[in-house]
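Enquirer: Generate coordinates for the sequence data below:
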Amino acid sequence: MNIAVVMGGYSDESVISLRSGQLILNNLNKDKYQIFEVHILNEGWFVIINGEKFDINKADFSFNYNGKHIKFDVAVNTIHGTPGEDGHMQAYWELLELPYTGCSFYQSALTFSKRDTLSVLGKFDIPKANSVYLTKGQEINGEKIASALGFPFFVKPNQSGSSLGVSMVKDLSDFDKALEFAFAEDNDILIESQLKGTEISVGVMKLNGVTRVLGTTEIISENDFFDYEAKYLGKSNEITPARLSANVEKTVYETAAKIYEALGMQGFSRIDFIVMNDVPHFIEINTNPGLSPQSIFPQQAAYANLNFSDLLENEIKLALERKPIWKK
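Expert: Next up, the predicted model:
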């Protein structure tokens, strides 16, 4: 089969996605598959072969090489941010009837919106921070928000990953700068109360038809919170498994699996929590978690004694089994 390992994206997360794609390229079975490195970037869509770029035909997601017209059998999606984590690429592939890994276009769009994800999970009694939702141009009363949420609170873009555009506000003098930073990423923002506790990240996937929690990772940031610098520039310590009591760990596993299933997920995901008073409080879910050498999901797969090549085989199998929504 011809396998497209699709990486990049249109956001600032593209550089992280390109690293994730390399891990996948290194772990797919080269004896079983014809593997192609595909870049989806602002400057264009390309297949990279021996450092040379070949244009992707967007009409059918194919390309020409050495006089041959090559089409793909499966797209392995590792784009972070838009257009691969917000449902756009998935809807496009669905229309082409091209199997793709990860969750469907609807789940991608839903979970990429922090507000909509929190709204859905509110029906399942998932503990979370208190929050306020705002749109650019709307009148914003900082004193009223501070009174409702207390200090410090967090200002986040509604649709963004890798902690891009996220700020901690310790007093109102920080608020305008935080708003500007968040609105640079998205026209909609979420303002959340601080949860004081242990930050953990939990890998979850569908393995052999069963929702499987891979493990927990405790995150100790050198900064005020787990921001971009802490995630990707070594400004944090990550402990796998997280230092939790057996009872709390059991609750975390059950809550992570409940969230994954409540959202109708498929594929790799990473769910972030703050454990406060022994209760895991949901922060967010990432449906295309980082797979670079520094990333948490591969660490947890190793902790669970799962071979990463086997996990990719499982993803390709699930992609081939999934039918387009109108054929179900």
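
Enquirer: Please count neighbours and contacts with C-alpha atoms only from this point.
Expert: OK.

Enquirer: mind listing what's buried in the strand or helix carrying Ala256?
Expert: Assigned by DSSP states H and E, Ala256 belongs to helix 246-262. Residues of helix 246-262 classed as buried: Val248, Glu249, Val252, Tyr253, Thr255, Ala256, Ala257, Lys258, Ile259, Tyr260 (neighbour count, 16 or more other Cα atoms under 10 Å).

Enquirer: And the contacts of stretch 44-53?
Expert: Phe36, Glu37, Val38, His39, Ile40, Phe54, Asp55, Ile56, Phe63 (Cα atoms under 8 Å, 6 or more residues apart in numbering).

Enquirer: could those residues be laid out in a markdown table, adding neighbour count and secondary structure?
Expert: As requested, the contacts of stretch 44-53 are exported to a markdown table (neighbours: other Cα atoms under 10 Å; DSSP: H, G, I helix; E, B strand; the rest coil):
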| residue | neighbour count | secondary structure |
| --- | --- | --- |
| Phe36 | 17 | strand |
| Glu37 | 19 | strand |
| Val38 | 26 | strand |
| His39 | 26 | strand |
| Ile40 | 21 | strand |
| Phe54 | 16 | strand |
| Asp55 | 17 | strand |
| Ile56 | 20 | coil |
| Phe63 | 17 | strand |
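
Enquirer: helices or strands up against the helix or strand harbouring Met89?
Expert: Assigned by DSSP H and E, Met89 falls within helix 88-96. Judged by 3 or more Cα pairs under 8 Å, 6 or more residues apart in numbering; DSSP states H and E, helix 88-96 is in contact with helix 105-112.

Enquirer: quick check: angle from the helix it packs on to helix 88-96?
Expert: Helix 105-112 runs at 170 degrees relative to helix 88-96, counting by axes from the mean of the first three to the mean of the last three Cα atoms, to 10 degrees.

Enquirer: Which strands or helices does helix 105-112 pack on?
Expert: Counting contacts by 3+ Cα pairs under 8 Å, 6+ apart, helix 105-112 packs against helix 88-96, helix 114-121, strand 279-286.

Enquirer: Quick one: residues in contact with the last one.
Expert: I take that to be strand 279-286. 111-112, 114, 126-129, 161, 195, 248, 251-252, 255, 269-275.

Enquirer: got it, and the first one?
Expert: In this structure, residues lying in contact with helix 88-96 by Cα under 8 Å, 6+ apart are Asp60, Thr82, Pro83, Gly84, Pro99, Tyr100, Ser104, Phe105, Ala109, Pro324, Ile325.

Enquirer: Low-confidence ranges, this protein, go.
Expert: Low-confidence segments of the chain, defined by pLDDT under 70, are located at 161-163, 222-235, 324-328.

Enquirer: now the helices: where do they sit in it?
Expert: Counting by DSSP state H, the chain has helices at residues 14-27, 88-96, 105-112, 114-121, 142-149, 175-183, 228-232, 246-262, 296-303, 308-321.

Enquirer: Distance to Glu238 added to those, as TSV?
Expert: Below are these laid out as TSV (distance: least, Cα to Cα, whole Å):
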stretch	distance to Glu238
helix 14-27	18
helix 88-96	32
helix 105-112	24
helix 114-121	24
helix 142-149	29
helix 175-183	26
helix 228-232	10
helix 246-262	16
helix 296-303	8
helix 308-321	20
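
Enquirer: Select, out of those, the one closest to Met205.
Expert: Of all these, helix 246-262 sits nearest to Met205, with 8.1 Å by Cα to Cα.

Enquirer: Tell me which other helices or strands the closest one touches.
Expert: Judged by 3+ Cα pairs under 8 Å, 6+ apart, helix 246-262 is in contact with strand 198-207, strand 210-221, strand 279-286.
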